[in-house]
Structure formats: C-alpha cells, structure tokens
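>>> have a look at this prediction, sequence included:
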Amino acid sequence: MTIPTTPGREAAGPAPAAPGDGPFLSVTDLRVRFTTEDGPVRAVDGLSFTLERGRTLGIVGESGSGKSVTSLAILGLHDPRTTTVSGRIRLGGREVTGARERDLERLRGNTMSMIFQDPLTALSPYHTIGRQIAEPYRKHTGASKRAARERAVEMLAKVGIPRPRLRAGDYPHQFSGGMRQRAMIAMALVCDPGLLIADEPTTALDVTVQAQILDLLGELQQESGTAIVLITHDLGVVAGAADNILVMYAGRAVERGSAAEVLGAPRHPYTWGLLRSTPDLDSDPDEPLRPIPGTPPSLLAPPPGCPFHPRCAFPPRVAGGPGRCSAERPELPEGRGAACHLTADQQRAGWSAEAGRAGATGSASVPVPADGGADLLRKEGDR
Amino acid sequence: MLRFLVRRSLGALVILLIISALTFFLFYSIPRDPALLACGKNCTPEALEVVRRNMGIDQPVPAQYWEYMTGILLGRDYAVGPCPAPCLGYSFVDNTPVWETILDRFPTTVSLAVGGAAVFLTVGLATGMLAAARRGTVVDKVLSSGSLVLSSMQIYFVGPLAIALFVYQLGWLSQPRYVELTEDPAGWFAGLLLPWCVLSIIFTANYTRMARSTMIEQLQEDHVRTARAKGMARRTVFFRHAWRGSLIPIVTIFGVDLGSLFGGAMITEFTFTLPGLGRLAVESVTNTNLPMLMGVMLFAATAIILCNIVVDAVYALIDPRVRLA
C-alpha cells in the first residue's frame, strides 16, 4: 500500500471541540431528489451523520452511491429548479438547509469549503493561482487587494509550493497535477473553514502524489482543527486518513463505524464485497480479485427493501427468510452498525468466514493501518 | 509574438496570391471583351487596338497577371500616365485610379461595419447572456425565438420599411446617408443609425444564440462550480468566471463577420444607397471592370485575413493557455 498510515492519529488529535459544542456538522435525514425526464431520482435517501471539529469522516461508495451529491447538498450548490433537498444540515450551530442564497454565499469558502476531484478543470484557466486563492479571502474578510495577495502567497507556502511568491503569478496549466491540488487546498483553506469537504481529492493524481496530498491534509488538519469529510471510492485512502467511515450504497448509508472497525471487522455484506475486491500487496498476486457481482441499482427505480439485496449472497440466511430483504428496508442503527437484516452475530461471523476464504495465505486482504486488519479481527473475537 | 506575426503574414501573402490569381484568370473566362465595351459604338479595329493597349490587355493573360502583381509592389506606367505603388491600375470604365477609388469608398464601409458590429455585438451578447442567466424562463424563450424571427427577415425588406416608418412616417431620423465623421460627427451618426440597426438584425440572432449556448456551457464548467463553492456571488460567477470562456467561439465568428463587412456590406449599401465597397464590387462585376474588381477583392481579402490575425492574438489575451507561435 502506498497510502501513509498515521498510527496513533486519534491519540494525537488536534484541538478538540469545546465541551457543549456538539458536532460541528450534523446531517439529519438528508434526502436529495433530482427531477429528470425519466422521473425523479432519489440520489440521497435518508442520510444522517455527524462530524466533530478536527475529525475526518470518510464517505465510501461506488460511483452513483450519492457521495458527491451529499457534499454538494451540504454546500447548497444544487440547482433548485431540478433538485429537491430535504432534511436538516446544521453547521457550527447554524441551520444550512433552507438558508437564503446570500447567507449560503457567506458560508461557502468561509465556514465550509470544498476541494474537487480534478484540480485542472476545477481551477479557472483564466486567472492566476494567486488571484484565485485571494478571491474568496477578499470576499469573506474584506481584505485589501494587497493583503489578500500576501495571504495567497502565505497559503501557497503553507501547502508546500516552492517559491510561492513567484508561483502565485502562474496559471493552473503551468502547475503539475499535485501542485494544482495543493493550490486547490490552499484556496479551500484560505479563510480557515471549520469544515472541508474533499471530494475524491486524490483520484486524478499519481499514486505517489496521492500520499503527499493526504499527508498534507492531515498536517493542516492538525494545525487548524478543521473537520474533514473525505469522499472517496478508494478504501486505501480512507484507511490512512479517516477517523470514522460511512459506507454508502444507492443513496443510503449501509454501514458506519470507526475506520479500524469498518475496515477491520466490516458488518455489511456490501462492505465485505468492497474489501474483497480491493487488491493489496500482501495477498497472493495469483489470486483473482473478487468483484461484487451485478451492478449498482438504478436510482430511478431502486429495488424495494434493502437496495443491496439483488447483489447479496446472504438473504437465505436472514431470519425471517430471503423475502424479508426484498420487502423490509433495514435501518442503520445509531453508532457502530450496519443496515442489514443479518443478526449482529451473523454479521461478525460472516466477515471472519469471508476473510478466511480470501486470505488463504494467512493475511487479511484488507488495506488497513498496522493496527487494523487481522489484529482487529482477533480483538473482535476476544470481545 | 514576432514569430507569430511573421508566420501569419507569410500565410496571408500566400492566400492573397491564390485569391488574386483565381480572380484574374476567372475574369478572363468571362466571354465579354472589356475593350469592346469601352471602345463604344463607332469602334474600328485600329481604335480597339489602342484601347486594348491603354487598358494593358493586349498581352497574354499570364503576362498581364505578372505585370499587375509587380505593379502593386513597384508601380507601373500606363498609357494615361505613371501609376505609383501600390498600383491597382485604372478603372476600365472611367479611367479613375482604382486605389484612390477604394480609399474614397472605404470610410463609408468602415463606418457601416464598425457601427453595425458594435450594435449587433452588444445586443447579441446582452440578449444571449440574459437568456442564459434566465434559462428556461419566459425571458429566455422570448429572446431566443424573437432573435430567430428577426434573423429570418431580409435587409432589402426591412430596410425600406424602416425608412418608410422612421424617416417619412415618424420623422425621427433623416434619410440615411454618409457624411465624413471628421466633418460632422452628429450627422455621421444620424445618417448611419438606421443602416447599422438594419444591418444588425441578420447578425444579432447568431450572436444571441451563440452567447446563450456558450454561456450555458460555461456555467456548467467545473471551475465555475468551484467559484460558487468559494462563496462568490452569482453575478461575480457569471461575469468573472463564466463569461471569459464563452468569448472564444464568439470572437472567432466575430473576426470573420467583421472582416467580410470590411469588404463591403452589399445589400445594406444598395438598400440605403451608401457609396461603400460592396456597391463598388457589384458595379465592377456588371461593368466588366477588371482592375476595380481585382482591387476590391484583394482589399476585402486582406481585411478578412487581418481580422483573423487579430482574432488569434485576442485568443491569447482571453485564454492564457494559448501561446502565439
């Protein structure tokens, strides 16, 4: 794995939120529905989570699972003419849902900001890097042009751009991919936001650069105590960088827990499938990866009951018969848990069996930090 | 920049050579003898011979072409007198020097082109951007379909109607005419206002449509979403972030349109009886007036090519990724 691990990051956590603050970001029963010519699409369907300052939540799922839609909903960037957003989003004690556009503008880039997947297209080709970083700073702090430019140079230095004063005058196409993402991070953090949403921040980058960018995000978080939502389809990325993980499938959260718990002892058959289909340096190179059979469901007509049941091998083992999976929608419990009809014991045993099958060489095929994976499996058994 | 200019100028020369040769040789495929026309009713073979020599068409066509082209660069001697460079020859019809006639007509054409372009560019961009900003609303539909209706009109139809209405019926404007800008700026403006507006109706719709679609396209760009995610106000996003990228295709078409307008807006000039290059070109064709025709053709071609070079340079101003080389 090339993903850096940060052992003990939980112990060395940054400035914790003041007591009584509660979570910095709380999302309750978020529903996002698009109106399309073919009918309504339920892109996000009843999603709830919370996130404290200084912590990182990894949202994992396949494309189309509603990850990015969620992040755009938090920023209020959906087109109101085609999108209906309901539920509650609270940020730093303020209600974001239903806020007026002018109020949202004051929050965006200031209290909450976002970095996108491909920094080449996400940065404006027509303005210099320095100007793009200075722009939100001027808008939100009312700083002078000169002060904002100084701040931009300072931010570029902070994200590790050599000769920042000079490079601030460059255009994005004069930067390399990794440098562009660094500039993007500088732009997102220029106003010290409490929340940073990173939507697939490393997907468009070389593997070696990916690790640097994740390290950088971790360092900056340590300094400023920003809450980070890290959206990715790459389990390796969340393994190294996230404190907690939310697994999404078809617009719903199907599993939740700490990074070590979800990666080391996953409970949902979908998460098992994700982990099984992830390659890893320790596993036998001749052993084929096992993808999840089938394809994600159409959100125009999602399957009834558990959205994963058409691709799931376990309905026959569910108490109450396989019919239950296609009829009754499993709820995701508060805290650690999975939205699955299997009993908690079945869920634990299920992954042990899966891991045993996959790890013929004796190692778990899980890209987790040194303290995760097989170790956790053992701990899980001890409990 | 220098390399760009040198390279483009060389390319322009090649294009001008091809255009001049095509025009010249095509002209001689017309089965009409300009000398016979000029010679008049009581023409004798001897007189015809003299006319031919005076016109410079007594030699074989390739030799004539060679003399014509060298004349542009070096000047040449005619029977009626010397013709200094750039010598485009003398009119077959009334022996006036071509170059001076073109210079005489050009201000009318430039005034018409620049004023008209200002009108259709402003109106087209404004309506197109408004339609994009109000996409899907009544405003959008009215602007989009309204511009289409207007563009389906014809100048020779709308022009006389507009004169009848605004000049004779309402008396708001004077009869369209051309006076020198330097002599009487107000008269220049008043005399050309109607032609500008009528000329614009066929162009505006194109620009409305183009500005609308490129704006809508730009508004969906990733970097525009980033600007919104930074908290930029809608107006800032629209004008600072989306607008810039929408200009490239518009500038491209505008360069071609303006260039061809510099070569003369024939229908508009005829409709409003303005003495511009377009009328000159049409008259030269009907009169079998080779030197005048060649002159106008080369002049118009040069204008179009120059406009294109300017457009390419403007690309680099709009988009820093474009490098001139």
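Sure, I can see it.
>>> pull out the buried residues from stretch A:30-42.
A:30, A:31, A:32, A:33, A:34, A:41, A:42 (16 or more other CB atoms under 10 Å in any protein chain shown). Yep, even glycine has a C-beta here, placed from its N, CA and C like the rest.
>>> what about the residues you listed, which are in helices?
Among these, none falls in helices (DSSP state H).
>>> among those residues, which pair sits farthest apart?
Greatest spacing in these, by CB to CB: A:30 and A:41 (14.8 Å).
>>> after the helix or strand residue B:258 falls within, which helix or strand is next?
Counting by DSSP states H and E, the element that carries residue B:258 is helix B:243-262. Downstream of helix B:243-262, the next assigned helix or strand under DSSP H and E is helix B:266-271.
>>> just checking, what packs against that next one?
helix B:98-133, helix B:155-162, helix B:185-219, helix B:277-286 (3 or more CB pairs under 8 Å, 6 or more residues apart in numbering or on different chains; DSSP states H and E).
>>> list the contacts of residue B:231.
A:105, A:106, A:107, A:108, A:109, A:110, A:136, A:139, A:140 (CB atoms under 8 Å, 6 or more residues apart in numbering or on different chains).
>>> between those residues, which has the most around it?
residue A:109 (28 neighbours; other CB atoms under 10 Å in any protein chain shown).
>>> that residue contacts residue A:136, doesn't it?
Yes. Under the criterion of CB atoms under 8 Å, residue A:109 makes contact with residue A:136 at 3.9 Å.
>>> okay, and the common contacts of those two?
Taking CB under 8 Å, 6+ apart as the contact rule, residue A:109 and residue A:136 both touch A:190, A:191, B:230, B:231, B:232.
>>> reformat the contacts of residue B:231 as a markdown table; add secondary structure and pLDDT.
Shown next, in a markdown table, are these (DSSP: H, G, I helix; E, B strand; the rest coil; pLDDT from 0 to 100):
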| residue | secondary structure | pLDDT |
| --- | --- | --- |
| A:105 | helix | 92 |
| A:106 | helix | 92 |
| A:107 | helix | 92 |
| A:108 | strand | 93 |
| A:109 | coil | 92 |
| A:110 | coil | 92 |
| A:136 | helix | 95 |
| A:139 | helix | 93 |
| A:140 | helix | 94 |
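>>> possible to save those as a markdown table with distance to chain B?
Converted to a markdown table, the contacts of residue B:231 look like this (distance: CB to the nearest CB, whole Å):
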| residue | distance to chain B |
| --- | --- |
| A:105 | 5 |
| A:106 | 7 |
| A:107 | 7 |
| A:108 | 4 |
| A:109 | 4 |
| A:110 | 6 |
| A:136 | 4 |
| A:139 | 6 |
| A:140 | 6 |
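>>> for the buried residues of stretch A:30-42, which one is nearest chain B?
residue A:34 (14.8 Å; CB to the nearest CB).
>>> please name the bridge partners of residue A:91.
residue A:25, residue A:94 (DSSP bridges).
>>> quick one: it and residue A:108, what's the gap?
To residue A:108, residue A:91 is 11 Å away according to CB to CB, to the nearest Å.
>>> in terms of pLDDT, where does residue A:8 sit?
Confidence at residue A:8, expressed as pLDDT, is 38.
>>> just residue A:14 next, same as before
Turning to residue A:14, the model gives it a pLDDT of 41.
>>> which residues are in contact with stretch A:70-85?
Here stretch A:70-85 has contacts from A:25, A:27, A:30-36, A:44, A:47, A:59, A:69, A:89, A:91, A:96-97, A:99, A:101, A:104, A:108, A:112, A:114, A:195, A:197, A:199, A:229, A:231, A:248, B:136, B:225, B:228-229, using CB under 8 Å, 6+ apart.
>>> can you tell me the closest non-neighbouring residue to residue A:293?
residue A:311 (5.9 Å; CB to CB, 6 or more residues apart in numbering or on different chains).
>>> phi, psi for the one you found please.
Note on residue A:311: backbone dihedrals following degrees, to the nearest 10 are phi -110, psi 0.
>>> next one: it relative to chain B, how far apart?
Residue A:311 sits 32 Å away from chain B, going by CB to the nearest CB, to the nearest Å.
>>> any idea how far residue A:141 lies from residue A:185?
As judged by CB to CB, residue A:141 and residue A:185 stand 19 Å apart.
>>> these two: which has the busier surroundings?
Set residue A:141 next to residue A:185 and count neighbours by other CB under 10 Å: residue A:185 wins out with 24 against 15.
>>> now do the same contact list for the residue nearest to the more buried one when sequence neighbours are not counted.
Spatial nearest neighbour of residue A:185, excluding adjacent residues (CB to CB, 6+ apart): residue A:159 at 5.3 Å. Neighbour list for residue A:159: A:182, A:183, A:185, A:186, A:189, A:216, A:220 [criterion: CB under 8 Å, 6+ apart].
>>> on the three-state scheme, the nearest residue to the fourth one once chain neighbours are set aside is what?
In other words, residue A:186. If the residues on either side of it in the chain are set aside, residue A:186 comes closest to residue A:155, at 3.9 Å by CB to CB, 6+ apart. Per DSSP: H, G, I helix; E, B strand; the rest coil, the secondary structure class of residue A:155 is helix.
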